[in-house]
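Chemist: Okay, predicted coordinates and the sequence, questions at the end:
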Amino acid sequence: MSLEVNAGTFSYDKEHPVLMDITFSAQPGEVVAILGPNGAGKTTLLKCILGFLPWESGYTSLEGKKIQEWKRNDLWKYISYVPQAREPAFSYRTEDMILLGRSPYLGNFSVPGKKDLEIVEQVMETAGISHLAGKNCSEISGGELQLVLIARALAAQPKLMILDEPESGLDFRNQLVVLELLKRLSHDDGLSIIINTHYPDHALRIADHSLLLYKNSIHLFGRTEHILTPEHMKAAFHVDIAVHHELIDGREYPTVIPLRLSENSRSDPEKETR
Amino acid sequence: MKQKRRFIIWIIVLFALILGFSLFALCAGQFSISPARVFAELFGFPGVQEGKDNVSTVIFNIRIPRIIMSLVAGAGLASSGAAFQSLFANPLATPDTLGVANGASFGACLGILLGGGSVQVQLLALLFGALAVSLVFLVTGRMGSRRNSILMIILAGLVISSVFSALVSLINYVADPQDVLPVITFWLLGRFSGVTRISMLFGIPLILLGTVIVFLLRFRLNALSLPEDEARSLGINLKLIRVLVVAAASMTTAAVVSTCGVIGWVGLLIPHISRMLFGNDNRYVVPSSILSGALFMLLVDTLARCVTAAEIPVSIVTAVIGAPVFILLLRRTGGLKL
């Protein structure tokens, strides 16, 4: 499903807009990565896209229809949100946690049935976490919990997934597991995927398009290789950067190397909003 | 699916225990009745003298209503405890977190102080219970519209709760220590003895309605304990569900307090026993709490009226029995899996 953000503007207080005139889109079968320094408004942007925070002006639309106009249940059957992995107040068993992903399909007074349980089994297999069945979410590692949350999102059988830093805090292997899974879901299954990430390498690796947020509420959107250039990243992060392409076994691996803090790179404390 | 089978067995066992102890409670008491006689009266066996004597009065007019009342009150308190714990994503939440119980207590004490009859006392209790919840939401503003709104609600509940608790103390202070104060004190510790038929008629439907709503919402309760944005992203009408849960659980609590006085511990103890047995999934916790709450309350009340000639207040028994049971379970199950 295609999602479009049109001229979205948001601020926590009127003086300092966090997001200004953001316009970008995600098409089916495509991964869009959102990058930017701390405090540039990445998480805020996701919340605005999803309608958790209201755009001051501009709008988000799904399939050309503004998300406010979608019926709640329908909307959340198509869009799934994967938050940063945090241990919940009450920990559930992994499969019960994933089962919650079926919520949009269930009435307020109903409980999930056999079909829902089957879907849970399927998505656990897709996410490669069948072995976690029966374990409590408090007993598994952060990486595994992240995969559980991704599986929960998949249980809604969405057309679009929005993930908040899905691979931060994970080890090399789990990072690859998550990235490969996202790539597969978009390129093979046709999902649209939007992720926040702190790793330009990851964006270069799986994202078709990237949105680069600057701290002074400027942004760039376009094909990842056009956006994540050393010049742009230097401007956004105030770090001198080199992008190195390693050719291994006929495949090219882009690597981003942060060289040093740029000259005059003191970040403007005025802009330290969230 | 081992979990599910275990759960079904547990539910059946609870039903059987409730039935068994109800029969036992019919027999036991200061005026003990033989099981044979109880059966005869219940099922109207021939050969028993027509039921207008003492025994049938005790069974039908005193013990059966009392047993029903304690079962319903226990089920209500335990389910609303479980509901509040999920709503606030806090294992320490109890039916009184929003100040409902203290509000209702104040209403009842006021009624007793003013010399009202049981109906007036009950209505005042319900009224002030509702007032307490309304005040909490007045203080916190619109529900679910702010970051950390849940924390704000808990805080407001704490404040409102202590205001009403202070007012209760004030009534205690001014109440006539000869005749009014003992009534109030007994009432504040919970009792099933003075429950009249008419107050049961008010109380029980409200308690049952609240309990049924919580039961029906049991799967939603799981999502409710997640962070707000996560719950919303599951397509849940968060505002509606929160209002429903608060209304149902508060109504249950206020109705119990207004009929039976203040009964502590059940709302905290029973849901946690269920959690220890089945984990935090409310599809298990809520039904298990409803039945174990009912059973526990029946046991407590039977003890309260049988152990000594004078009745022991219910809250004292819940604490004295509840605490060791809780600790024993903590040790045996290796702690809470929160």
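Modeler: Looks like it arrived, so ask away.
Chemist: what's the neighbour count on residue 105?
Modeler: Picking chain A for this. By the criterion of other CB atoms under 10 Å in any protein chain shown, A:Tyr105 has 19 neighbours. (C-beta placed from N, C-alpha, C; glycine too.)
Chemist: oops, chain B please
Modeler: By the measure other CB under 10 Å, the count of residues near B:Ser105 is 29.
Chemist: can you check B:Leu138 too?
Modeler: A count of nearby residues for B:Leu138, using other CB under 10 Å, gives 11.
Chemist: list the buried ones in the host helix or strand of it?
Modeler: Using DSSP states H and E, the element containing B:Leu138 is helix B:118-140. Applying a neighbour-count criterion of 16 or more other CB atoms under 10 Å in any protein chain shown, one finds B:118, B:120-133, B:135-137, B:140 buried in helix B:118-140.
Chemist: Close to chain B: what parts of the stretch 101-250 of chain A are there?
Modeler: Near chain B, the residues belonging to the stretch 101-250 of chain A are A:101, A:103-104, A:106, A:108-112, A:136, A:138, A:156 when assessed by CB under 8 Å from any CB of the partner chain.
Chemist: hang on, the earlier thing: helix or strand right after the helix holding B:Leu138?
Modeler: Following helix B:118-140 toward the C-terminus (DSSP H and E): helix B:149-174.
Chemist: Check the average confidence over the next helix or strand after that next one, would you?
Modeler: Remark: after helix B:149-174, the chain's next helix or strand is helix B:180-188, criterion DSSP H and E. Mean pLDDT, taken over the full extent of helix B:180-188, equals 90.
Chemist: Hmm, A:His209 is touching A:Ile34, no?
Modeler: No: with contacts defined as CB atoms under 8 Å, A:His209 does not count as touching A:Ile34, sitting 9.9 Å away.
Chemist: Longest helix in chain A, please.
Modeler: Secondary structure assigned by DSSP state H gives helix A:172-187 as the longest helix of chain A.
Chemist: Adjacent strands (with direction) for the following helix or strand past it?
Modeler: Beyond helix A:172-187 in the direction of the C-terminus, DSSP H and E gives the next helix or strand as strand A:192-196. When pairs are called by DSSP bridges, strand A:192-196 turns out to pair with strand A:31-35 (parallel), strand A:160-164 (parallel).
Chemist: Narrow the residues of the stretch 101-250 of chain A next to chain B to just the buried residues.
Modeler: Buried positions within those, assessed by neighbour count (16+ other CB under 10 Å), are A:101, A:103-104, A:106, A:112, A:136, A:156.
Chemist: what about the strands in chain A?
Modeler: Counting by DSSP state E, chain A has strands at residues A:3-13, A:16-26, A:31-35, A:57-62, A:65-66, A:79-82, A:160-164, A:192-196, A:209-213, A:219-223, A:239-248, A:251-261.
Chemist: Using TSV, please lay out those strands together with mean pLDDT.
Modeler: Listed next are the strands of chain A as TSV, based on pLDDT from 0 to 100:
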stretch	mean pLDDT
strand A:3-13	90
strand A:16-26	90
strand A:31-35	96
strand A:57-62	93
strand A:65-66	92
strand A:79-82	94
strand A:160-164	95
strand A:192-196	96
strand A:209-213	95
strand A:219-223	94
strand A:239-248	90
strand A:251-261	90
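Chemist: any chance of the ones you listed in TSV, plus distance to B:Tyr173 and mean neighbour count?
Modeler: What follows is those, written out as TSV (distance: least, CB to CB, whole Å; neighbours: other CB atoms under 10 Å in any protein chain shown):
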stretch	distance to B:Tyr173	mean neighbour count
strand A:3-13	48	17
strand A:16-26	54	19
strand A:31-35	62	26
strand A:57-62	59	17
strand A:65-66	60	12
strand A:79-82	54	27
strand A:160-164	55	23
strand A:192-196	59	25
strand A:209-213	62	25
strand A:219-223	65	17
strand A:239-248	68	12
strand A:251-261	68	12
